[in-house]
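Asks: what follows is a protein structure lacking sequence information:
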């Protein structure tokens, strides 16, 4: 358990507070913990503001340094890897098409639009292919070839059109990155994020062809989640080093679509919206796994929850957003 009782000025400088104000600030974070304890799916939380850790608490289950299944937060990680390989020159741009980068993986009989699907279509969940998430997920992961199954589905929208939440789109993206670089998604994650950020990235699920699952089942600790969020908050920098291109971060945080389920906008692998007029970016995984970034408050939050129970917008996920809006943001502000 740790509570760091400092207030932060713009730019991250610590400000010594008079006793009464210090107590008021401390109470804010104590109220966050008290509210979190009332949520039975809640596991752990880490909060950084101005680059300093101001809160780290394990409510139940694994603590802040233990990697846990972050479910679809994995999508935001794969989105970061797309930016990393563009920055390294291994992939030219988000406009690269599947026909250019992985023609051999496109199955016979795929819709004629499939070769023209771009990496940007995939990372914004606008590939146009029938979804593999929700009721379709079990059948998809039971197939003998996850990439071919996802690419062989019916086109239900124009590529680059409406948002269709689908783990298959991110799995295709992960396979495309592997084909473009000759490295597995695990190797890319460790090279571009694990090493530079000093975080552990264990191996995770692979499909029958050996491609690591893009968009689900990765394991990260809450502190590792915060470091990824901090990289986005600081425009692609972490600890002064360039991790992701600045223009890719800017593009990532521009709305490209909107979720019909939550109503949140979506950029490159991140949900986007505002609280009190302040922009935020959100990585969200099943069960209530969250990275929350609010640049105007220099604030990054990681939350882990029970990964076996649902977290719907009208249920536990709504409770988490209420915790962020009514407790965490006011404590930071």
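Replies: Structure received. Quantities reported herein were computed from a predicted structural model and do not represent experimental measurements.
Asks: hey, where'd the helices end up in the stretch 1-150 of the chain?
Replies: 19-37, 73-87, 98-101, 119-123, 137-141, 146-151 (DSSP state H, counting those that start in this stretch).
Asks: check which helices and strands the fifth one sits against.
Replies: With contacts taken as 3 or more CB pairs under 8 Å, 6 or more residues apart in numbering; DSSP states H and E, helix 137-141 sits against helix 146-151, helix 167-181. Just so you know, the C-beta spots here come from the backbone N, C-alpha and C atoms, and that holds for glycine as well.
Asks: any idea which of those is most buried?
Replies: helix 167-181 (a mean of 26; mean count of other CB atoms under 10 Å).
Asks: can you list contacts of the helix or strand following it?
Replies: Next in sequence after helix 167-181, counting helices and strands by DSSP states H and E, comes helix 185-189. For helix 185-189, the external contacting residues (CB atoms under 8 Å, 6 or more residues apart in numbering) are 77-78, 81, 84-85, 174, 177-178, 181, 201, 203-204, 211-212, 214, 218.
Asks: try it again at 6 Å.
Replies: Contacts to helix 185-189, defined as CB atoms under 6 Å, 6 or more residues apart in numbering, come from residues 81, 174, 178, 201, 203, 212.
Asks: related to what we said a few turns ago, of the helices of the stretch 1-150 of the chain, which is nearest residue 238?
Replies: helix 73-87 (11.2 Å; CB to CB).
Asks: show me where the stretch 201-333 of the chain has strands.
Replies: Remark: strands assigned in the stretch 201-333 of the chain by DSSP state E, counting those that start in this stretch are 219-220, 237-238, 241-242, 257-258, 265-266, 271-275, 278-285, 289-294, 299-305.
Asks: give the partner strands of the second one in its sheet and their orientations.
Replies: Its sheet considered, strand 237-238 pairs with strand 241-242 (antiparallel) by DSSP bridges.
Asks: can you tell me what sits against the strand it pairs with?
Replies: Outside strand 241-242, no residue touches it (CB under 6 Å, 6+ apart).
Asks: next one: it to chain centre, how far?
Replies: Centroid separation for strand 241-242 versus its chain: 20 Å, with CA atoms, centre = their mean, to the nearest Å.
Asks: right, and residue 202 touches residue 219 too?
Replies: Yes - using CB atoms under 6 Å, residue 202 is in contact with residue 219, at 5.0 Å.
Asks: quick one: common contacting residues for those two?
Replies: residue 67.
Asks: out of these two, which sits in the busier spot?
Replies: residue 219 (17 against 11; other CB atoms under 10 Å).
Asks: separation between the residue lying closest to the more buried one once chain neighbours are set aside and residue 143?
Replies: Of all residues beyond its chain neighbours, the one nearest residue 219 is residue 67 (4.0 Å), with distances taken as CB to CB, 6 or more residues apart in numbering. From residue 67 over to residue 143 the distance is 28 Å, taken as CB to CB, to the nearest Å.
Asks: more neighbours: which of those two?
Replies: residue 67 (20 against 15).
Asks: isn't that one right next to residue 222, touching?
Replies: No - applying CB under 6 Å, one finds residue 67 not in contact with residue 222, separated by 9.4 Å.
Asks: what number of residues lie near residue 309?
Replies: When neighbours are counted by other CB under 10 Å, residue 309 registers 13.
Asks: tell me the contacts of it?
Replies: Listed by CB under 6 Å, 6+ apart, the contact set of residue 309 reads 41, 287.
Asks: mind doing that once more with 10 Å?
Replies: With contact taken as CB atoms under 10 Å, 6 or more residues apart in numbering, residue 309 is in contact with 40-41, 286-288, 315-316.
Asks: per-residue pLDDT, it?
Replies: Model confidence at residue 309, given as pLDDT, is 95.
Asks: closest to residue 49 among the contacts of helix 185-189?
Replies: Scanning the contacts of helix 185-189 for proximity to residue 49, where the rule is CB to CB, the winner is residue 201, at 25.0 Å.
Asks: which one is the closest one nearest to, not counting chain neighbours?
Replies: residue 194 is the one closest to residue 201 (CB to CB, 6+ apart), at 4.4 Å.
Asks: ramachandran angles for that neighbour?
Replies: Residue 194 has phi and psi values of phi -60, psi -50 when expressed as degrees, to the nearest 10.
Asks: verify the stated contact: it with residue 200.
Replies: Yes - the criterion here is CB atoms under 10 Å, and residue 194 meets it with residue 200 at 6.9 Å.
Asks: got any residues that touch both of the two?
Replies: By CB under 10 Å, 6+ apart, the residues touching both residue 194 and residue 200 are 220, 224.
Asks: okay, those two: which has more neighbours?
Replies: residue 194 (18 against 15).
Asks: distance of that one from residue 226?
Replies: In terms of CB to CB, residue 194 sits 15 Å off from residue 226.
Asks: if we can go back for a sec, nearest to residue 97, of the helices and strands packed on helix 137-141?
Replies: helix 167-181 (9.5 Å).
Asks: where in this protein is pLDDT low?
Replies: Residues of the chain that meet the criterion pLDDT under 70 lie in 1-27.
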